[in-house]
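Attaching a predicted model along with its sequence, questions to come.
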Amino acid sequence: MTDLGKIDADFFERVIAPNLGADRENVSLGPTAGIDFGVLELGGRAVVTATDPLSVLPALGLERAGRLAIDIVLSDVAVSGIEPDHLTLGLTLPPDYERETLAAVWRGIDAHASELGVEVTATHVGRYPGVERSWIGSATALGIGDPEDLVRPDGARPGDELVVSTGPAAEVAGLFATLYPERLGLDPGTVATAQRRVNDIPAVEDALAAHRAGAVTAMHDATEGGIAGGLDEMADGAGVRFEIDAGAVPVAEGVDAVCSAIDVDPWRVTSCGTLLMAVESGEGEAVVAALEERGTPAAVVGRVREGNGVYADGQRVEPPARDPSWKAAERLSQS
């Protein structure tokens with residue numbers, strides 16, 4: 001339990017999942033390993049909920065950092081196929097967090113929420129000892145919609161096509177090039193290209209566009225553990241086998257250079273903004289076209305088969321036990 005990042009699946013299954021308080025009849029989907037959200041059924045409507053920590057990185061620019069801080073939790077709702085519409089925020093700030101800094105971050109939060117049609121319905125904002133920048137609280141997002149529109153990450157079926165947007169490690173490339181530009185040993189042009197990958201992290205509108213375009217049967221945002229971990233969670237949850245053509249997976253400029261510089265496998269590091277989707281056979285290209293119309297690279301990369309596991313070019317893809325980007329960040333921050 002001393003490793004950074006999400007707790008391991010074994011601890012979750014032994015300690016967290018069996019002990020969730022009262023057993024409410026209107027909870028149709030509770031906390032589940034590999035699933036981004038929970039679902040309540042209220043009055044014939046589905047209420048999708050998701051919770052995430054808030055990370056604000058001033059190096060991105062304060063307003064931009066505020067936007068990205070909430071996009072991750074809003075994306076966790078959007079991959080359900082239901083639009084996020086409400087947001088609660090708890091900001092636990094370091095004692096020296098300045099009002100001007102908070103105001104700039106909040107402008108970004110307000111702007112992004114407004115653009116997505118999301119209203120902040122409750123907040124708690126305060127300064128407290130022992131808080132470490134840049135992890136400054138948590139957020140809970142909700143979306144209300146028709147239960148028939150729900151898409152779960154474990155809904156893939158044999159015969160479905162597999163679609164990947166954005167490609168692996170855009171998040172890591174963008175953030176590491178922004179936070180540690182002088183420590184990567186890369187030329188300035190490559191660093192500048194990689195820094196643009198931060199623009200690939202927001203995924204709310206991509207998820208909703210994909211859902212509208214085709215018969216999406218499963219969708220997942222490739223966060224910690226990257227596309228290797230995310231695909232494994234989807235295949236394991238559905239009890240199926242994923243067969244991937246590795247060469248078909250899009251790779252954004254700057255990603256390979258940064259991942260090589262920090263000695264990580266791009267398939268195994270956090271990739272917020274990368275959507276992993278199973279789509280009914282024949283619908284994959286429609287989803288790809290809808291994403292590309294938005295300027296997001298995407299491709300049909302494989303098929304769902306009977307069986308189990310994830311295979312790329314015939315080789316088993318194992319999920320990482322721990323996301324290696326945490327240790328890479330620790331090394332660079334101390335160098």
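Thanks, I have it.

could you list every residue that touches the nearest residue in space to Asp146 that is not next to it in sequence?
The shortest distance from Asp146 to any non-neighbouring residue, by C-beta to C-beta, 6 or more residues apart in numbering, is to Ala46 (6.8 Å). In short, each C-beta sits where N, CA and C put it, glycine included. Residues in contact with Ala46 (C-beta atoms under 8 Å, 6 or more residues apart in numbering) are Ser28, Val39, Leu40, Ile82, Ile144, Gly145, Asp146, Pro147, Asp149, Leu150.

cool, and Ile262?
Val172, Phe176, Leu184, Ser325, Ala328, Arg331, Leu332.

if we go to 10 Å?
172-173, 176, 180, 183-185, 269, 324-325, 327-329, 331-332 (C-beta atoms under 10 Å, 6 or more residues apart in numbering).

ok but the residue nearest to Asp146 is inside a helix, no?
No. Per DSSP: H, G, I helix; E, B strand; the rest coil, Ala46 lies outside any helix segment and is strand.

which ones among the contacts of Ile262 are found in helices?
Filtering those for membership in helices, criterion DSSP state H, returns Val172, Ala173, Phe176, Ser325, Lys327, Ala328, Ala329, Arg331, Leu332.

ranking the residues you listed by neighbours, who comes first?
The most neighbours of any of these, using other C-beta atoms under 10 Å, belong to Ala173, which has 35 neighbours.

Pull the contacting residues for that residue.
167, 184, 190-191, 193-198, 200, 251-259, 261-262, 266, 269, 271.

next one: Val15
Contact analysis of Val15 by C-beta under 10 Å, 6+ apart lists Ile7.

Phi and psi next, for it.
Phi and psi for Val15, reported as degrees, to the nearest 10, are phi -110, psi -40.

Would you confirm that Val118 contacts Ile144?
No. Between Val118 and Ile144 there is no contact, the gap being 11.7 Å when judged by C-beta atoms under 10 Å.

quick one, which of the two is more surrounded?
More neighbours surround Val118 than the other of Val118 and Ile144, with 22 against 17 (other C-beta under 10 Å).

mind checking pLDDT for the more buried one?
Listed pLDDT for Val118 reads 99.

list the contacts for it?
Here Val118 is in contact with 70, 74, 77, 83-87, 109, 112, 141-143, 204 (C-beta under 10 Å, 6+ apart).

can you give me the helices for the protein?
Under DSSP H, the chain gives helices at 9-11, 62-78, 99-116, 170-179, 188-195, 204-213, 226-238, 255-261, 284-293, 325-334.

and stretch 224-242, C-alpha only, in PDB?
What follows is stretch 224-242, C-alpha atoms only, in PDB (Å, rounded to 0.1, in the frame of the first residue of the first chain):
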ATOM      1  CA  GLU A 224      -3.700   4.800 -15.000                       C
ATOM      2  CA  GLY A 225      -2.200   1.700 -16.500                       C
ATOM      3  CA  GLY A 226      -2.700   3.200 -20.000                       C
ATOM      4  CA  ILE A 227      -4.200   1.300 -23.000                       C
ATOM      5  CA  ALA A 228      -2.700  -2.000 -21.800                       C
ATOM      6  CA  GLY A 229      -4.500  -1.700 -18.500                       C
ATOM      7  CA  GLY A 230      -7.700  -0.300 -19.900                       C
ATOM      8  CA  LEU A 231      -8.100  -2.900 -22.600                       C
ATOM      9  CA  ASP A 232      -7.400  -5.700 -20.100                       C
ATOM     10  CA  GLU A 233     -10.100  -4.300 -17.700                       C
ATOM     11  CA  MET A 234     -12.600  -4.100 -20.600                       C
ATOM     12  CA  ALA A 235     -11.900  -7.700 -21.800                       C
ATOM     13  CA  ASP A 236     -11.800  -9.200 -18.400                       C
ATOM     14  CA  GLY A 237     -15.000  -7.500 -17.300                       C
ATOM     15  CA  ALA A 238     -16.800  -8.700 -20.400                       C
ATOM     16  CA  GLY A 239     -15.200 -12.200 -20.400                       C
ATOM     17  CA  VAL A 240     -14.000 -11.900 -23.900                       C
ATOM     18  CA  ARG A 241     -10.700 -11.800 -25.900                       C
ATOM     19  CA  PHE A 242      -9.400  -8.600 -27.600                       C
END
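
Looking at neighbours, which among the contacts of Ala46 is most surrounded?
Busiest of the contacts of Ala46 [other C-beta under 10 Å] is Ile82, holding 26 neighbours.

how about the spatially closest residue to it that is not a sequence neighbour, what does it touch?
Distances taken as C-beta to C-beta, 6+ apart put Gly145 closest to Ile82, at 3.7 Å, once the chain neighbours are dropped. Gly145 makes contacts with Arg45, Ala46, Val47, Val48, Val77, Ser80, Gly81, Ile82, Glu83, Asp85, as judged by C-beta under 10 Å, 6+ apart.
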